[in-house]
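A.B. asks: Let's see this in three dimensions:
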Amino acid sequence: MKISAIILARNEERKIEKAVTSLLFCDEVLVIDDESSDDTPKIAEKAGAKVLIHSKKNEFSGQRNWAMEQAKNDWILFIDADEEVSHELKSELFKLQIHTGIASYAIPRRDYFWNREMKYGETQKARTQGIVRLIKKGSGVWTGAVHETFTASGKVEKLHSFLNHYSHDSISSFVTDINFYSTIRVLELAKEGKKVSGFEIMFFPLGKFLYTYFVLRGFLDGSVGFVYSFIMSFHSFLVRAKLATQTYV
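C.D. replies: Model (predicted):
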């Protein structure tokens, strides 16, 4: 099975080399660069990737769908610039036997924050259920402006080995990211004509924190689990506050 690997990137000069290097076992590695202002394209090319410049225009699913059309192989492996393929996953992909009717594979993701592996809370679903990342070309489409998902026309299987995710280097970068992603989500909701009430602004973020920290047992990840749960609930607040005030910054 020949695989084209795809990374979407923008201003990821600190992380792109690690991501590309983990994919060099693939038959093709493409970095789709969203007009970076740093050395991301140069570093990616030096590491062994082919770089294509293409603006996503705040539409992650559109960028992924466009990227799939550029791949030369029938099977496409998507990873983010802050992720890497583990040695175990690489080995599993080498041995993978594709059966008729399978359109995609979900890959479990192992999240690290402050150099600590997280197992509960917000990250638990991706760890246990996996995220669709290995896709047969033409078997479906990506949807959603942000936190996009792949809708497949065939069967979805799950792999066993982990994709490693090194999400945020600091609290400030985490907050910067959720501010950016919340704006994209608000623009998407505004186009759909969605409204939000004061009740939702006040209580939905609180409910999200209680759910991820206690029900999903984020507290078992210690102080890291608390910080992660709190900031992700703040993301929920930002989405609703921006939508209510129509302040999309």
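
A.B. asks: C-alpha from now on. contacts and neighbour counts both.
C.D. replies: OK.

A.B. asks: where along this structure do the helices fall?
C.D. replies: Using DSSP state H, the helices of the chain run over 16-21, 40-47, 60-70, 87-95, 124-128, 171-191, 198-210, 222-245.

A.B. asks: Spell out for me which residue occupies the centre of this protein.
C.D. replies: Asp80 (5.9 Å; Cα atoms, centre = their mean).

A.B. asks: ok, it - contacts?
C.D. replies: Contacts for Asp80 were tallied using Cα atoms under 8 Å, 6 or more residues apart in numbering; they are 7-9, 19.

A.B. asks: any idea which helix or strand of this structure has the worst average confidence?
C.D. replies: Across the helices and strands of the chain, mean pLDDT, DSSP states H and E gives its lowest value to strand 149-152, namely a mean of 90.

A.B. asks: From the contact counts, what lies against it?
C.D. replies: strand 140-143 (3 or more Cα pairs under 8 Å, 6 or more residues apart in numbering; DSSP states H and E).

A.B. asks: now the strand it packs on, how far from the chain's geometric center?
C.D. replies: Computed by Cα atoms, centre = their mean, to the nearest Å, the chain-centroid distance of strand 140-143 equals 14 Å.

A.B. asks: Contact partners for the spatially closest residue to Leu243 that is not a sequence neighbour?
C.D. replies: Leaving aside its chain neighbours, Leu243 sits nearest to Val186 (5.8 Å; criterion: Cα to Cα, 6 or more residues apart in numbering). With contacts defined as Cα under 8 Å, 6+ apart, Val186 is in contact with 239-240, 242-243, 248.

A.B. asks: Could you save the helices of the chain as TSV and add columns showing mean pLDDT and distance to Ser139?
C.D. replies: Listed next are the helices of the chain as TSV, based on pLDDT from 0 to 100; distance: least, Cα to Cα, whole Å:
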stretch	mean pLDDT	distance to Ser139
helix 16-21	98	25
helix 40-47	98	28
helix 60-70	96	11
helix 87-95	97	19
helix 124-128	97	22
helix 171-191	93	25
helix 198-210	96	34
helix 222-245	96	32
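
A.B. asks: which one of those is the most hemmed in?
C.D. replies: For these, the largest average neighbour count (mean count of other Cα atoms under 10 Å) is found in helix 16-21, namely a mean of 22.
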